[in-house]
Every structure is written in structure tokens, then in C-alpha cells.
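K.L.:
For reference, the sequence and a predicted model appear below.
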Amino acid sequence: MLAMRRLPHLNGLKAFDAAARRGSFAAAGAELNVSSAAVSRMVRVLEERLGVALFERGANRLRLTPHGRTYHVGLCPILDALVQLTEQVAGHAGSRALTVGVGPTFAVRWLIPRLPSFQAVAPDIDVRITTGGAAAPFADDWTCGIKLGDGSWPGLVAERLFDADLTPVCAPRLAQRLKSPRHLKPQTLLRVAHAPEDWPLWLEAAGLAGTRAAGPTFEFYGQALQAAGDGVGVSIGIRPYIDDDVAAGRLVAPFGLSVPKGSCWYLVYRAQRSRQPAFLAFQRWIRQAARTPIG
């Protein structure tokens, strides 16, 4: 009779690996979407199972012990192999399922309105849209994601889709009063909390470097753009979020000046996904959709 494997708890291994890579229980908790106390507790259980201390715990630091370093060096290739094996099996068993990770504004402003065209060319694929914001880490269960950045995400393939250009937008009635950029000075300029550099970039390019954006601040671009459409003020618009509304006349870009944000939109995925039929269908579709003009 074969002996039963006495494996350590997988959650303990995940907690230890994350803490070793991140250098703190708090950062590991953020990665795993649990509290730092939960990470600490799982690591402690693992240490008790092994009979050795894996970390030296200080007031403001977390350092691997010699045992911890040895364990982590050996554990990393095992976890990598487990991820690859899982993706390989899932790629065959669930090849018609597609999970796309995107920020909430990108989902609402660009991806969801175009999903019918993807469903038309791939009706048998089970599409799942999950949102986590611009700063959300790439989840292992995502087939792919769409992210704004410089194209550098370790462990991921990044395929450029389109540029992220900035230009002010507002409701049609307000646009009638904006004949030149200097007419922005008395206006309410709507801001996005995680992109404080947007207005200064555009205003400097427009020759208004001394003008300060002063107006309500919103958590997401989508909220600021909704407020602009409702006449609250002028929002800094980022492409492609504004393209559909401008084409439909719900928003107006009153000036001809667009300024590069300094980052682009990318389709990101793990290399192992590139062989899966559902991903290949989505990749072909989004490449074409990114090149297709609005309207």
C-alpha cells in the first residue's frame, strides 16, 4: 500500500511565498486579498508544521532565516510548475471559457459596448468580465487582461493595442462657450484621483502651464466623464474612453489638441495562454477592434 503524502497546506505555502517575495505580511496580504494577520497566521502554522522559523520578525522588517531562504529557493520552481500544469490542463478542459480582467471604466466605456461583435464571431465562447481597477495585479485565473502602462509587466506578454491620448471634453452646451483653451480658466475642471498629472500635461501643452485645475475629484475616469456629460464641468478625457460619446454627440472635445499621456493600452497574458482557442479568438478580435474607427 502506498504511503499517504503529508503535504503542507497550500494556503500556507502561498502565504509564505508572497511574504518572502514582498518582504512584509501587509504586502503579501494585499496580493492575496487577505489581511496581514491572516498571512502571519498561515505562515506560523507552516513554521509549526516544519519545526523551523522561516522569518525573523522585527518591528518594521521581515527577513528570511537561513531555513526560510533554503525553503523558498526550492519552493519557487515547484509553484511555477504547478501554475504551468494547471494552466495546461485548464487550457484543454476549459478552452472555450474566457476571463478578461479590466478596469471598471474600460469595461463600461469600451469593452462591453463591443462585446456583441465578439459574440457574433465566437458565439460558443463563455465570456467572463472581471474588474479590479488599474492597480489590480494580474490574477492567475484570468485568461488575459487589458492594462494601461508602459508595456513592462514581469512574467506577462504585453501586446500594444492603442495610445492613451488626453483632451478635454464637456457637454455640448458648455462647449459652445469654449472657443479657445484660455476660456477654460473660469471653468470647473473635473479631476481623476489616480491621474493627477493629466490636466497639467494638457494645460502645459496648450500654453496654460500656470492654470490650476480646480474642481470635484472622482475616483474613476468614468465618473468624471459622466459628470462632464451632465454639465458639471470640463473633464480631462482619455482615449478610448471618450470616443463613443464624442462620436454620438453626448460629449464634445472643443479643442483640436490631444496630448499623449505617456502610456498605452496593452493586451496582457501569460505565454501559456497563447495556445488556447478562446484566447486566440479574443486576440484576433481585439486586434481588429482596436484598429476599427468609431462610427
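P.N.:
That came in fine, so what should we check first? Keep in mind it's a predicted model, so treat the numbers as computed, not measured.

K.L.:
switch to C-alpha atoms for all contacts and neighbour counts from now on
P.N.:
OK.

K.L.:
which ones are touching A171?
P.N.:
Residues near A171 by Cα atoms under 8 Å, 6 or more residues apart in numbering: 228-231, 234, 250-252.

K.L.:
Likewise for R69?
P.N.:
L54.

K.L.:
after the strand ranked longest in the chain comes which helix or strand?
P.N.:
When every strand of the chain is counted residue by residue (DSSP state E), the longest turns out to be strand 157-169. Note on strand 157-169: by DSSP states H and E, the next helix or strand toward the C-terminus is helix 172-175.

K.L.:
Could you export that following helix as PDB, CA atoms only?
P.N.:
Provided in PDB are the C-alpha atoms of helix 172-175 (Å, rounded to 0.1, in the frame of the first residue of the first chain):
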ATOM      1  CA  PRO A 172     -22.400  70.200 -25.900                       C
ATOM      2  CA  ARG A 173     -24.000  73.300 -24.400                       C
ATOM      3  CA  LEU A 174     -20.800  74.200 -22.400                       C
ATOM      4  CA  ALA A 175     -18.600  73.500 -25.400                       C
END
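
K.L.:
Correct me if wrong: V100 contacts F138.
P.N.:
No. Taking Cα atoms under 8 Å as the definition, V100 is not a contact partner of F138, at 10.3 Å.

K.L.:
Helices along the stretch 1-150 of the chain, start to end?
P.N.:
Ranges of helices within the stretch 1-150 of the chain are 10-22, 25-32, 36-50, 66-93, 104-106, 112-121, based on DSSP state H, counting those that start in this stretch.

K.L.:
Nearest to Y241, out of these?
P.N.:
helix 104-106 (6.7 Å; Cα to Cα).

K.L.:
Could you check the pLDDT of A136?
P.N.:
Looking at A136, its pLDDT is 66.

K.L.:
Next: the one 3 residues further on.
P.N.:
The per-residue pLDDT reported for A139 equals 80.

K.L.:
Kindly report the same for D80.
P.N.:
79.

K.L.:
cool, and W153?
P.N.:
88.

K.L.:
what residues are up against the nearest residue to P216 once chain neighbours are set aside?
P.N.:
Distances taken as Cα to Cα, 6 or more residues apart in numbering place L190 nearest to P216, at 5.4 Å, with adjacent residues excluded. Residues in contact with L190 (Cα under 8 Å, 6+ apart) are 213-218, 224, 228, 233-236.

K.L.:
Whichever of those residues end up buried, select them in PyMOL.
P.N.:
Here is the PyMOL selection string for the buried members of those, based on 16 or more other Cα atoms under 10 Å:
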select buried, resi 213+216+217+218+224+228+233+234+235+236
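
K.L.:
just to revisit the earlier point, got TSV for the helices of the stretch 1-150 of the chain, with distance to G155 too?
P.N.:
Output for those, formatted as TSV (distance: least, Cα to Cα, whole Å):
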stretch	distance to G155
helix 10-22	14
helix 25-32	16
helix 36-50	24
helix 66-93	11
helix 104-106	23
helix 112-121	27
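
K.L.:
Lowest mean pLDDT across these, which one is that?
P.N.:
helix 66-93 - the lowest mean pLDDT of the helices of the stretch 1-150 of the chain, at a mean of 79.

K.L.:
That one to helix 36-50, inter-axis angle?
P.N.:
Counting by axes from the mean of the first three to the mean of the last three Cα atoms, to 10 degrees, helix 66-93 lies at 110 degrees to helix 36-50.

K.L.:
and helix 66-93, how far from the chain's centre?
P.N.:
The chain centroid and the centroid of helix 66-93 are separated by 24 Å, computed with Cα atoms, centre = their mean, to the nearest Å.

K.L.:
how far off helix 10-22 does that helix point, in degrees?
P.N.:
Using the same axes, to 10 degrees: helix 66-93 against helix 10-22 is 110 degrees.

K.L.:
C-alpha coordinates for the host helix or strand of Q226, PDB please?
P.N.:
According to DSSP H and E, Q226 maps onto helix 221-229. C-alpha atoms of helix 221-229 as PDB (Å, rounded to 0.1, in the frame of the first residue of the first chain):
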ATOM      1  CA  TYR A 221     -12.400  58.400 -15.200                       C
ATOM      2  CA  GLY A 222     -15.900  57.100 -15.900                       C
ATOM      3  CA  GLN A 223     -17.400  59.100 -13.000                       C
ATOM      4  CA  ALA A 224     -15.700  62.300 -14.200                       C
ATOM      5  CA  LEU A 225     -16.900  61.700 -17.800                       C
ATOM      6  CA  GLN A 226     -20.400  61.100 -16.500                       C
ATOM      7  CA  ALA A 227     -20.300  64.400 -14.600                       C
ATOM      8  CA  ALA A 228     -19.000  66.200 -17.700                       C
ATOM      9  CA  GLY A 229     -21.900  64.900 -19.700                       C
END
